[in-house]
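> Model the structure of this input:
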Amino acid sequence: MAIAAARLQGETITVEAEELVVRMFETEGRSLVRLARLFVDDRDAAEDIVQEAFLRLARHAGRIDAIERAPAYLRSIVLNLARDHNRRGLVSLRHHATTGRDVDVGDDTADQLVRSEEHARVLDAVRRLPGRQRDCVTLRYFEEYPIDRIAATLGLSANSVKTHLQRAMAALDRSLAEP
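A predicted model of the protein is given here:
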């Protein structure tokens, strides 16, 4: 990597890492927010999770041996941060509440998913799934990833992804069959 470097929150990153972050933000930013939004109830928290993922990418860009792995690396970070957020019950890093603010969700695809009571029930049921099952279902049915891309993103074998999906669908069938 080049000797030239930029500063990012008190840390030195290479120009190449900065260019990678910018390129990934332009191509993956919106879909990552949408992905995070499926896991957390708060849009601000989803945006904070994605921002943190990009900061981590910038810090650790040298660990990525193939540039085409950067989107999978980012998705993995977002999924892990969303899981941590939910596990700890964290509030948004930038905003403690959205009250008093006008929030424009007109173009937010994840918010548009919750158009009816049935959609809300499905999302709630997906959020209650165990972590790996939830990750696999989200990537497969909300992001429409093929099995091999899910496996690469989560660091699993294709057979493990299929098993998690099968178990998740059975759990969802049971959960959604309840009145």
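> tell me which strands and helices the longest helix along the chain is in contact with?
Counting by DSSP state H, the longest helix found in the chain is helix 15-39. Packing contacts for helix 15-39, counted by 3 or more C-beta pairs under 8 Å, 6 or more residues apart in numbering; DSSP states H and E, involve strand 5-8, helix 43-60, helix 70-88, helix 109-113, helix 117-127. For every residue, glycine as well, the C-beta is placed using N, CA and C.
> Report the angle between that helix and helix 117-127.
Counting by axes from the mean of the first three to the mean of the last three C-alpha atoms, to 10 degrees, helix 15-39 lies at 120 degrees to helix 117-127.
> Counting neighbours, which bits of helix 15-39 end up buried?
By neighbour count on 16 or more other C-beta atoms under 10 Å, the buried set for helix 15-39 is 17-18, 20-21, 24-25, 28-29, 31-39.
> quick one: it to chain centroid distance?
Helix 15-39 has its C-alpha centroid displaced from the chain centroid by 10 Å (C-alpha atoms, centre = their mean, to the nearest Å).
> Please apply the same query to stretch 43-59.
Distance, centroid of stretch 43-59 to centroid of chain: 9 Å (C-alpha atoms, centre = their mean).
> Next: stretch 157-168.
Offset of stretch 157-168 from its chain centre (C-alpha atoms, centre = their mean): 19 Å.
> Just the residues contacting that stretch, thanks.
The list of residues contacting stretch 157-168 from outside it, by C-beta atoms under 8 Å, 6 or more residues apart in numbering, reads 129, 132-137, 140, 147-148, 150-151, 154, 156.
> Include distance to Ala171, neighbour count and pLDDT when you put these into TSV, please.
As requested, the contacts of stretch 157-168 are exported to TSV (distance: C-beta to C-beta, whole Å; neighbours: other C-beta atoms under 10 Å; pLDDT from 0 to 100):
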residue	distance to Ala171	neighbour count	pLDDT
Leu129	6	20	91
Arg132	12	19	92
Gln133	7	21	93
Arg134	10	23	90
Asp135	14	26	89
Cys136	12	28	92
Val137	9	22	90
Arg140	14	20	88
Ile147	19	17	93
Asp148	23	10	92
Ile150	17	25	91
Ala151	20	20	92
Leu154	18	19	88
Leu156	18	18	92
